[in-house]
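Undergrad: Okay, structure incoming, though there's no sequence with it:
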């Protein structure tokens, strides 16, 4: 009997990097993929209220524990004139509904359902409520934006992006 000595251990195949050290720059190592993501993101936000865009991105980033995107989008929201109260309460919007319009609440509920899709799918009541506040084109844009931010969160987490190092500037 022979023993296979070529067993790559994923934890030793690449030396452990200290926490807070970025792993990979997707924009440089896969530029076509990165440009496609940027294009998808830009297309997803077309025609949507910028305040709603930021609320969706902030809530998904909370749920995905993405500090890099959360830092970026809370700063973007502030620059766009979003109030500190709304920014602080978006993670608990159900307990602070009076800070958000019914349309924003429907978008936040859909954001949560799509972001946490593995938990319970997208419940019919959540989708129906969103459809009551957005026409089909707007709903497609909202859904696309939710998909885009979830992709960006996963890119940032997988490549260990560091909060506060927004590379767009």
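TA: Cool, the structure landed. If you're wondering where the values come from, they're calculated on a predicted model, not measured in any experiment. Residues are numbered from 1 along each chain as shown.

Undergrad: how close does the residue positioned nearest the centre of the chain sit to residue 95?
TA: Most central in the chain under C-alpha atoms, centre = their mean is residue 149, positioned 3.0 Å from the mean C-alpha point. According to C-beta to C-beta, to the nearest Å, residue 149 and residue 95 sit 23 Å apart. Just so you know, the C-beta spots here come from the backbone N, C-alpha and C atoms, and that holds for glycine as well.

Undergrad: circling back: wait, what's in contact with the residue nearest to the centre of the chain?
TA: Shown in contact with residue 149 (C-beta atoms under 8 Å, 6 or more residues apart in numbering): 56, 57, 60, 61, 69.

Undergrad: Let me know the closest of the residues you listed to residue 25.
TA: Using C-beta to C-beta, residue 69 comes nearest to residue 25 of the contacts of residue 149, at 16.1 Å.

Undergrad: mind checking the end-to-end distance for stretch 95-106?
TA: Across stretch 95-106, the terminal residues are separated by 14 Å (C-alpha to C-alpha, to the nearest Å).

Undergrad: ok now it, how far from the chain's centre?
TA: Remark: stretch 95-106 is offset 19 Å from the chain centroid, using C-alpha atoms, centre = their mean, to the nearest Å.

Undergrad: Fine by me, thanks again.
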